[in-house]
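Asker: mind looking at a prediction? Sequence and model below.
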Amino acid sequence: MIRLMGIIYALAGPTLAGVLIIAALTMNMFDMKSVLAAAAIGFVVAIPAAWLVARQIVANA
């Protein structure tokens with residue numbers, strides 16, 4: 001399951017980071033601190049998301 005989680009994280013991490021960066025830029029937060037914070041939050045939030053998705057895939061396989 002760890003391998004599957006790693007694969008899912010490789011897709012979910014940049015996706016969530018990109019979504020949060022776009023959200024920050026939409027709210028006129030153009031400073032580097034806001035953009036880096038949004039990216040970091042996206043990568044951190046992707047860890048439990050990848051774990052939940054991998055767990056569901058393994059349970060339903």
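Answerer: Sure thing, it's come through.
Asker: distance from the chain centre to the helix or strand containing residue 52, please.
Answerer: Secondary structure assignment for residue 52, by DSSP states H and E: helix 32-59. Helix 32-59 has its C-alpha centroid displaced from the chain centroid by 3 Å (CA atoms, centre = their mean, to the nearest Å).
Asker: ditto for stretch 16-33
Answerer: 14 Å.
Asker: show me what counts as buried in it.
Answerer: 16-17, 20-21, 24 (16 or more other CB atoms under 10 Å). Backbone N, C-alpha and C define where each C-beta goes, glycine included.
Asker: give the buried residues for the helix holding residue 52.
Answerer: Neighbour-count burial for helix 32-59 [16+ other CB under 10 Å]: 34-35, 38-39, 42-43, 45-46, 49-51, 53-54.
Asker: which SSE is residue 25 in?
Answerer: Here residue 25 is assigned to helix 2-26, by DSSP H and E.
Asker: turn the buried residues of helix 32-59 into CSV, including distance to residue 7 and pLDDT.
Answerer: As requested, these are exported to CSV (distance: CB to CB, whole Å; pLDDT from 0 to 100):
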residue, distance to residue 7, pLDDT
34, 30, 97
35, 27, 97
38, 24, 98
39, 21, 98
42, 18, 98
43, 16, 98
45, 17, 97
46, 12, 98
49, 13, 97
50, 9, 98
51, 12, 98
53, 10, 97
54, 8, 97
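Asker: want to throw these into a markdown table with distance to residue 9?
Answerer: Shown next, in a markdown table, are these (distance: CB to CB, whole Å):
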| residue | distance to residue 9 |
| --- | --- |
| 34 | 24 |
| 35 | 21 |
| 38 | 18 |
| 39 | 15 |
| 42 | 12 |
| 43 | 9 |
| 45 | 11 |
| 46 | 6 |
| 49 | 8 |
| 50 | 4 |
| 51 | 8 |
| 53 | 9 |
| 54 | 9 |
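Asker: okay, among the residues you listed, which ones form the most distant pair?
Answerer: The distance between the two most remote of those (CB to CB) is 30.6 Å, for 34 and 54.
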